[in-house]
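> test case, fold it:
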Amino acid sequence: MTLPVVMLARENDEFRKVLWTGDNIQLVLMAIPEGGEIGGEVHEGHDQLLYFVAGSGVAKIGDVETKIADGDVSIVPSGKFHNFRNTGSGMLKLFTTYSPPEHEPGTEHETKAEADADE
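Prediction:
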């Protein structure tokens with residue numbers, strides 16, 4: 001399977017949209033509105049890579065904060081606290097991989113509030 005993932009991520013306006021789930025990895029689109037955030041969390045047993053395709057913000061991984069923008073990749077090892085905030089204008093858009101999968105196949109959340117209510 002081959003997907004135009006950067007284009008799909010740039011066109012996505014949903015907070016979370018699971019595109020594909022395998023036995024060992026998962027591909028998810030995300031869009032964070034201006035002033036919004038993913039929310040501080042820790043994934044035990046899951047490594048995560050986040051690929052930013054539009055917008056800008058701040059990544060906090062452990063105790064380190066770093067500015068992020070289109071073209072950056074953030075790496076979150078299993079068990080590490082992390083949060084990503086949109087500090088720019090417009091949506092912060094990205095695609096992310098979880099290894100192993102984190103969400104149920106086909107999961108879609110229009111907003112962060114919807115995602116929080118589902119957890």
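
> quick one, helices of this protein?
5-11, 112-118 (DSSP state H).

> give me the pLDDT for the nearest residue to residue 111 once chain neighbours are set aside.
Once flanking residues are discounted, residue 111 sits nearest to residue 15: 5.2 Å by CB to CB, 6 or more residues apart in numbering. C-beta coordinates here come from the backbone N, C-alpha and C atoms, glycine included. Residue 15 carries a pLDDT value of 92.

> tell me how far residue 15 lies from residue 95.
From residue 15 across to residue 95, the span is 13 Å (CB to CB, to the nearest Å).

> same check on residue 44?
Residue 44 sits 22 Å away from residue 95 when distances are taken as CB to CB.

> of those two, give the one with the bigger neighbour count.
Taking neighbours as other CB atoms under 10 Å, residue 44 and residue 95 compare with residue 95 leading, 22 against 7.

> closest to residue 75 out of the helices of the chain?
helix 5-11 (17.5 Å; CB to CB).

> list the buried ones in that closest one?
If you call a residue buried by 16 or more other CB atoms under 10 Å, then helix 5-11 has these buried ones: 5, 8-10.

> turn the residues you listed into CSV, columns for distance to residue 85 and pLDDT.
Listed next are these as CSV, based on distance: CB to CB, whole Å; pLDDT from 0 to 100:
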residue, distance to residue 85, pLDDT
5, 23, 97
8, 23, 98
9, 18, 98
10, 19, 98
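
> lowest-confidence stretch among the helices of the chain?
helix 112-118 (a mean of 70).

> residue ranges with poor pLDDT in this structure?
By pLDDT under 70, the low-scoring segments of the chain are 103-106, 108-109, 112, 115, 118-119.

> ok, residue 44 - contacts?
Neighbouring residues of residue 44 by CB atoms under 8 Å, 6 or more residues apart in numbering: 78-79.

> can you do 6 Å?
Each residue near residue 44 by CB atoms under 6 Å, 6 or more residues apart in numbering is listed here: residue 79.

> measure it to residue 84 for me?
Look at residue 44 and residue 84: by CB to CB, they are 19 Å apart.
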